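Engineer: Sequence first, predicted model second:
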Amino acid sequence: MFDLRFLERRPLIVGLEIGTSKVCAMVGEINAEGALTIIGIGQSPSRGVRKAEVVEPNLAEEDVRAALAEAEHSADVEIRSVYLGVSGGHVLGFNNRGVQPIVSRDRDITEEDVNDVIRNAKAINIPAEHYVVHAIRQHFSVDDQEEVRDPVGMLGSRLEVEMHVIHGRTNRFQNAIRLVKGMHLDVEDIVFNGLASSLAVLAADQKELGTLVIDLGAGSTEYLVYSRGVVKHTGVIAVGGDHVSQDIALGLKLPQGRAEKLKFDHGDAIFDETARGASFTPHNELGLPERPINIEHLRCVMSLRLQETFEIIREEVEEAGLMNHLRGGVFICGGGARIPRILELAERVFELPAFLGHARGISGLASTLDQPEFATAIGLVKFGAGQKRKKKAERGALQRFANWAPARFFANLV
């Protein structure tokens, strides 16, 4: 019998994050009302990825296949295309301005003028080996009037636009893109992981107030600043949770896997007097005691590395002149958000309220939406949903024009 589920299925959006510690494939579905629901997830431990970049494609491909297969089974769908998250220390962001004189006789700003000034802002001088991932519109200016959201229909002689541009090395993006395409999947778009995370965890009022989002991943830390509803600053630090584990392993002379487990079970983002002289004796798989672990040293090592990471971010946000714009506080997501007292450390370093970042404005698998480590994958789905809604609106506008144009054309002939 013919399966009617395939006729009922709404447009699918799949976000794929190829991270340093895990590969995550998130499946979303847009219903008839345009609402987005998460309907499936697939995960796999990640190999062949270092500092958020693919370095061993064969290993990485195996893990991507495993995550996608689990996501297909979870959502009962066939995945044919993905929105792919990208990151790495080579990814950079900066603000750029485009200028366009208004040459029409009546000085009336048109949609064409807006498109021209945006093109001017995108014509940026970046290294030839770099690719622009995002050119995000901020605000327009008309003559001396700043902070204009939509200038079409206004009068003026000079139109300007400010944009935030995110770019990185083309060949490093291509490593992940080729891996996915080699599996006979389409890459609908690539998306900066930091932007994806912010789309998942922030509501519109938090973007307006001014908020810093920090995604503490295993191999890198992405951060992004919103102010007055738009992206003002982005950055990547090629240091993440794995580096904290490496510090613990070196400092306490432990295997990397044991250090990773200690980080969450007995670690702390803040070193205080309660840890002085403290220790505990772990047991091996046979239940036999091993050598004691010094809690004081464990927490001291962790605190120093995490504090340094936050201080680097604060320094860069201060240099951008945005610390006083962060009335919405700091949101922490990624696997590192699970480190005990990480929010308290963030509040101390940034002198702002800090919150755990979890998905907002989306329905579906509750256990998935509440987890800070899934923020990037969920954000990739939200980005894709926004793109599909935009394309649908553009198709609708074209159809309305096609229906309207003949009547208007023939009326003009009378």
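Structural biologist: Looks like it came in fine. Numbering: from 1, shown residues only.
Engineer: Please identify the helix or strand for the closest residue in space to Glu146 that isn't next to it in sequence.
Structural biologist: The shortest distance from Glu146 to any non-neighbouring residue, by C-beta to C-beta, 6 or more residues apart in numbering, is to His139 (7.0 Å). (C-beta placed from N, C-alpha, C; glycine too.) Assignment of secondary structure by DSSP states H and E places His139 within strand 130-142.
Engineer: ok, that strand: who's next to it in the sheet?
Structural biologist: Sheet pairing here is set by DSSP bridges, and for strand 130-142 it gives strand 145-148 (antiparallel), strand 158-169 (antiparallel).
Engineer: Which stretch among those strands is buried most, on average?
Structural biologist: A comparison of those by mean neighbour count, using mean count of other C-beta atoms under 10 Å, puts strand 158-169 on top with a mean of 21.
Engineer: Alpha carbons of that strand, as PDB, please.
Structural biologist: Provided in PDB are the C-alpha atoms of strand 158-169 (Å, rounded to 0.1, in the frame of the first residue of the first chain):
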ATOM      1  CA  ARG A 158      23.300  59.800   0.400                       C
ATOM      2  CA  LEU A 159      22.500  56.300   1.600                       C
ATOM      3  CA  GLU A 160      24.900  54.300   3.700                       C
ATOM      4  CA  VAL A 161      24.700  50.800   5.200                       C
ATOM      5  CA  GLU A 162      26.700  49.100   7.900                       C
ATOM      6  CA  MET A 163      27.300  45.300   7.600                       C
ATOM      7  CA  HIS A 164      29.100  42.700   9.700                       C
ATOM      8  CA  VAL A 165      31.200  40.400   7.500                       C
ATOM      9  CA  ILE A 166      32.300  37.000   8.600                       C
ATOM     10  CA  HIS A 167      35.000  35.300   6.400                       C
ATOM     11  CA  GLY A 168      37.600  32.600   6.500                       C
ATOM     12  CA  ARG A 169      40.000  30.400   4.400                       C
END
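Engineer: Helix or strand next in line after that strand, which one?
Structural biologist: helix 170-181.
Engineer: I'd like to know the average pLDDT value across that following helix.
Structural biologist: What helix 170-181 shows for mean pLDDT is 96.
Engineer: and that helix, what does it pack onto?
Structural biologist: Packing partners of helix 170-181 (3 or more C-beta pairs under 8 Å, 6 or more residues apart in numbering; DSSP states H and E): strand 12-18, strand 53-54, helix 57-75, strand 81-86, strand 130-142, strand 186-192.
Engineer: So for that helix, what gets flagged as buried?
Structural biologist: Across helix 170-181, burial judged by 16 or more other C-beta atoms under 10 Å covers 172-173, 175-177, 179-180.
Engineer: So what angle separates the directions of it and strand 130-142?
Structural biologist: For helix 170-181 against strand 130-142, the angle by axes from the mean of the first three to the mean of the last three C-alpha atoms, to 10 degrees is 110 degrees.
Engineer: Quick check: closest non-adjacent residue to Met323.
Structural biologist: Val317 (5.5 Å).
Engineer: mind listing the helices for this protein?
Structural biologist: Assigned helices in the chain, in chain order: 5-8, 57-75, 111-122, 170-181, 193-201, 204-209, 241-252, 256-265, 295-319, 342-350, 366-369, 375-413 (criterion: DSSP state H).
Engineer: got those helices as a markdown table, with distance to Glu17 columns?
Structural biologist: Converted to a markdown table, the helices of the chain look like this (distance: least, C-beta to C-beta, whole Å):
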| stretch | distance to Glu17 |
| --- | --- |
| helix 5-8 | 27 |
| helix 57-75 | 9 |
| helix 111-122 | 27 |
| helix 170-181 | 10 |
| helix 193-201 | 7 |
| helix 204-209 | 22 |
| helix 241-252 | 15 |
| helix 256-265 | 19 |
| helix 295-319 | 20 |
| helix 342-350 | 20 |
| helix 366-369 | 13 |
| helix 375-413 | 5 |
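Engineer: Return the most buried member of the ones you listed.
Structural biologist: It is helix 193-201: most buried of the helices of the chain by mean count of other C-beta under 10 Å, with a mean of 29.
Engineer: I'd like to know which elements that helix is packed against.
Structural biologist: If you count contacts as 3+ C-beta pairs under 8 Å, 6+ apart, helix 193-201 packs onto strand 12-18, strand 81-86, strand 211-216, strand 221-227, strand 230-237, strand 330-333, helix 375-413.
Engineer: need the contact list for Arg97.
Structural biologist: By C-beta atoms under 8 Å, 6 or more residues apart in numbering, the residues touching Arg97 are 121, 160-163.
Engineer: Just want to check the distance between it and His164.
Structural biologist: Distance, Arg97 to His164, using C-beta to C-beta, to the nearest Å: 11 Å.
Engineer: So what's the residue count around the residue lying closest to Glu147 once chain neighbours are set aside?
Structural biologist: Nearest residue to Glu147 in three dimensions, chain neighbours excluded: His139, at 5.1 Å (C-beta to C-beta, 6+ apart). By the measure other C-beta atoms under 10 Å, the count of residues near His139 is 16.
Engineer: His139 contacts Val148, correct?
Structural biologist: Yes: with contact defined as C-beta atoms under 8 Å, His139 counts as touching Val148 (6.4 Å).
Engineer: neighbours around Thr281, how many?
Structural biologist: Per other C-beta under 10 Å, the neighbour tally for Thr281 reads 9.
Engineer: Perfect, that will be all.
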